[in-house]
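[1] sequence and predicted structure are below.
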Amino acid sequence: MRGFPISVPTAGAALALGLLLSAPPARAVPTPPAIAQVARAALPAVVDVESIDPSKGKGEKPGEMSPPDQGVAAHSTSQPADTNTLIVPPKAEQALGTGFFISPTGYIVTNHHVIAGASEIKVTLHDGSIFTAKLVGSDKKADLAVLKINAHHPVPFLHFGNSSRLDLGDWVVAIGNPFGLGFSVSAGVVSALHRDIGSGPYDDFIQTDAAINRGNSGGPLLDAKGHVIGVDSAIYSPSGGSVGIGFAIPSSMVRPVTAAIIADGAMKRGWAGLRIEHVSEDMKAAWHLASTDGVVVGGVVAGGPSAGKLGPGDVVTAVNGRKVTTVHDFRVSLAEIPVGHEARMTVVHGGKTEDAVITMAAPPQHRGKTGMAHRQAEMPMLKPTEIPALGIGVATHPGGAGVIVVTVAKDGPAARAGLAPDTLIEAVGPHFVKDSAALQRGVKASGDAVPLLVDGPQGANWIVVPVGAAHN
């Protein structure tokens, strides 16, 4: 019986064969999701929104554009196209936008700028039926609003997804009402995350290349499973049309804001009672931190939510599991937490990583401030105690707020770091100082660089005074 010839592999061929057999299987290339299936399932829950007789921006002249946070930054067709402009579609006077149901009882999410100033709001469902909607409430800072209709029957609705799990390149689907033409579907990918475009205090946009145009505002941005991971809100456009740079408010912000509006008619953001600032390179070196990521606590309000849980010099690196890199990140994270809810903060304290759980409180209506002029009036004549390592003379603040800098030696370490007379030193690193002795102890324990929390004519901030071996 004839068979195929058999050959014995050489040593090199055997090695190559072994490598092929032992190589890990190739990773499958991601394919686009079943966009038609996602769209078909989501379309019945999307509505057109028409605002009747909306107000125009105060003092707005023909052809003039309001700031992005006013929700008016697109052009009417009679105006010449602007260049290099962030556009928040649509103009209020165009009275068109999009929304989507988030419950079977008829609650609808859209943008604040779509309905701002409207005397009447109409919504058109996918089946063509038209309803007058009630404005439940809106949040201008997040550019979100909640409407409600009474359809007399359960309506199809969309579920929220988790925007914090998005990666660059993930597929997304946008549904909206571009230019008032009616329901339209586009698809693309996540181009960038955490975009701050200067349209509001809590900008944290998802950027996508899915086509978004005027009229898409308030429409859902869906992931491959059909879950809402964003609300389409703005585009960047030199021409007035889509150029593949659109922005959506992430569901991490949309979910708590809409829940608060439905429950209370408004988003009542919590207050942590903290003063924070960025981590500088000097602080990183002085406190032996791995990076400048996070925010450093500059002060804690006495009796506030963070009192006894955080202190000056603590570095917050995450809030509720979300990484905090900058001051803006921190503020956005807190802006997602309503009054009465908890903020679990990951904190680096004294070189150790710990958790601090803070219950967000309602912001106080009035917070008194003690200015430098008031402090100077309290202590017209003070005999300073010298702190040679820093090159300063200090005196204990009569009110126990810290120590006041009375003299600064010319060309000394403190002078070179920018410390000036009449500055209040509140803390050395994580420790408050109440008198000159406490300051002296803190300086000796700080090594070659002394981090000081100071409050001077320019406000409160951290400075690091390099002292070398001068105090050893």
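    Yep, it's here. Numbers count the residues shown, from 1 in each chain.
[2] name the nearest residue to Glu277, sequence neighbours excluded.
    Nearest non-adjacent residue to Glu277, counting by C-beta to C-beta, 6 or more residues apart in numbering: Gly298, 5.3 Å away. To be clear about C-beta, it is placed using only N, CA and C from the backbone, and glycine gets the same treatment.
[3] ok, the one you found to His397 distance?
    Gly298 sits 17 Å away from His397, taking C-beta to C-beta, to the nearest Å as the criterion.
[4] which residues of the stretch 201-350 of the chain fall in helices?
    Applying DSSP state H, counting those that start in this stretch to the stretch 201-350 of the chain gives helices spanning 251-264, 281-286, 327-335.
[5] what's the closest of these to Pro421?
    Checking these against Pro421 by C-beta to C-beta gives helix 281-286 as the closest, at 21.7 Å.
[6] buried ones in that closest one?
    By 16 or more other C-beta atoms under 10 Å, the buried positions in helix 281-286 come out as 282-284, 286.
[7] in JSON lines: those residues, plus distance to Gln207 and pLDDT.
    As requested, those are exported to JSON lines (distance: C-beta to C-beta, whole Å; pLDDT from 0 to 100):
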{"residue": "Asp282", "distance to Gln207": "33", "pLDDT": "80"}
{"residue": "Met283", "distance to Gln207": "31", "pLDDT": "79"}
{"residue": "Lys284", "distance to Gln207": "29", "pLDDT": "82"}
{"residue": "Ala286", "distance to Gln207": "36", "pLDDT": "76"}
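[8] turn the helices of the stretch 201-350 of the chain into CSV, columns for distance to Gly304.
    Formatted as CSV, the helices of the stretch 201-350 of the chain follow (distance: least, C-beta to C-beta, whole Å):
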stretch, distance to Gly304
helix 251-264, 21
helix 281-286, 23
helix 327-335, 13
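[9] lowest average confidence across those, which one?
    Lowest mean pLDDT of the helices of the stretch 201-350 of the chain: helix 281-286, a mean of 80.
[10] which other helices and strands contact that one?
    When contacts are defined as 3 or more C-beta pairs under 8 Å, 6 or more residues apart in numbering; DSSP states H and E, helix 281-286 sits against strand 449-456, strand 459-466.
[11] contacts for it?
    289, 291-292, 296, 429, 446-447, 449-451, 462-464 (C-beta atoms under 8 Å, 6 or more residues apart in numbering).
[12] just how off-centre is it within its chain?
    Taking C-alpha atoms, centre = their mean, to the nearest Å, one finds the center of helix 281-286 at 25 Å from the center of the full chain.
[13] export that helix as CSV, just CAs?
    The C-alpha coordinates for helix 281-286 follow below in CSV (Å, rounded to 0.1, in the frame of the first residue of the first chain):
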residue,chain,number,x,y,z
GLU,A,281,6.7,68.0,42.1
ASP,A,282,8.0,69.5,45.3
MET,A,283,5.3,67.7,47.4
LYS,A,284,6.0,64.5,45.5
ALA,A,285,9.7,64.7,46.5
ALA,A,286,9.0,65.9,50.1
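[14] the residue nearest to Glu277 reaches His278, doesn't it?
    No: between Gly298 and His278 there is no contact under C-beta atoms under 8 Å: 10.3 Å.
[15] the more surrounded of those two?
    For the pair Gly298 and His278, the greater number of neighbours falls to Gly298 (21 against 17), based on other C-beta atoms under 10 Å.
[16] quick one: contacts for Val394?
    Under the criterion of C-beta under 8 Å, 6+ apart, the neighbours of Val394 are 384-385, 387, 403-406, 425, 436, 439.
[17] among these, which lie within helices?
    In helices, defined here by DSSP state H, the members of these are 436, 439.
[18] by neighbours, which of the contacts of Val394 wins?
    When neighbours are counted by other C-beta under 10 Å, Ile425 leads the contacts of Val394 with 29 neighbours.
[19] contact partners for that one?
    Counting by C-beta under 8 Å, 6+ apart, Ile425 touches 394, 402-405, 433, 439, 452-454.
[20] quick one: which of these is nearest Gly219?
    Nearest to Gly219 among those, counting by C-beta to C-beta, is Leu453 at 46.3 Å.
[21] give me every residue that touches that closest one.
    Leu453 is in contact with 298-299, 312-313, 425-428, 460-462, counting by C-beta under 8 Å, 6+ apart.
[22] other residues contacting the biggest strand by length in the chain?
    Ranked by residue count and defined by DSSP state E, the top strand of the chain is strand 184-195. For strand 184-195, contacts defined as C-beta under 8 Å, 6+ apart pick out 32, 35, 39, 43, 166-178, 203-212, 216, 244-245, 247, 329.
[23] what about the closest residue to Ser251 other than its chain neighbours, how many neighbours?
    Closest residue in space to Ser251, ignoring its immediate chain neighbours: Ser163 at 4.4 Å, by C-beta to C-beta, 6+ apart. When neighbours are counted by other C-beta under 10 Å, Ser163 registers 24.
[24] Ser163 and Ile229, how far apart?
    Distance check for Ser163 against Ile229: by C-beta to C-beta, it reads 5 Å.
[25] again with Ile197
    Taking C-beta to C-beta as the measure, Ile197 falls 18 Å from Ile229.
[26] so for these two, which residue has more residues nearby?
    Ile229 (26 against 16).
[27] contact partners for that one?
    Taking C-beta under 8 Å, 6+ apart as the criterion, Ile229 is in contact with 160-163, 166, 172, 206, 221-223, 248, 250-251.
[28] quick one: which of those is nearest Gly128?
    Ranked by distance to Gly128 (C-beta to C-beta), the contacts of Ile229 are led by Leu222 at 22.5 Å.
[29] spatially nearest residue to that closest one, not counting backbone neighbours?
    Closest to Leu222 by C-beta to C-beta, 6+ apart is Val173, at 4.5 Å.
[30] next, the contact list for that neighbour, please.
    Residues in contact with Val173 (C-beta under 8 Å, 6+ apart) are 33, 35, 38-39, 42, 185-187, 210, 221-223, 226.
[31] go again using 10 Å as the cut-off
    32-33, 35-36, 38-39, 42, 185-188, 208, 210, 220-224, 226 (C-beta atoms under 10 Å, 6 or more residues apart in numbering).
[32] tell me the gap between the helix or strand hosting it and the middle of its chain.
    Following DSSP states H and E, one finds Val173 within strand 171-176. Centroid displacement of strand 171-176 relative to its chain, using C-alpha atoms, centre = their mean, is 22 Å.
[33] please apply the same query to stretch 97-107.
    Centre-to-centre, stretch 97-107 and its host chain are 25 Å apart (C-alpha atoms, centre = their mean).
[34] quick revisit: give the residues shared as contacts by Ser163 and Ile229.
    190, 206, 221, 223, 248, 250-252, 254.
[35] now the residues you listed: which count as buried?
    190, 206, 221, 223, 248, 250-252, 254.
[36] centroid-nearest residue for the protein?
    Val332 (2.9 Å; C-alpha atoms, centre = their mean).
[37] now for that one: which residues touch it?
    Applying C-beta under 10 Å, 6+ apart to Val332 gives the contacts 142, 194, 196, 201-204, 250, 252-253, 319, 322, 324, 326.
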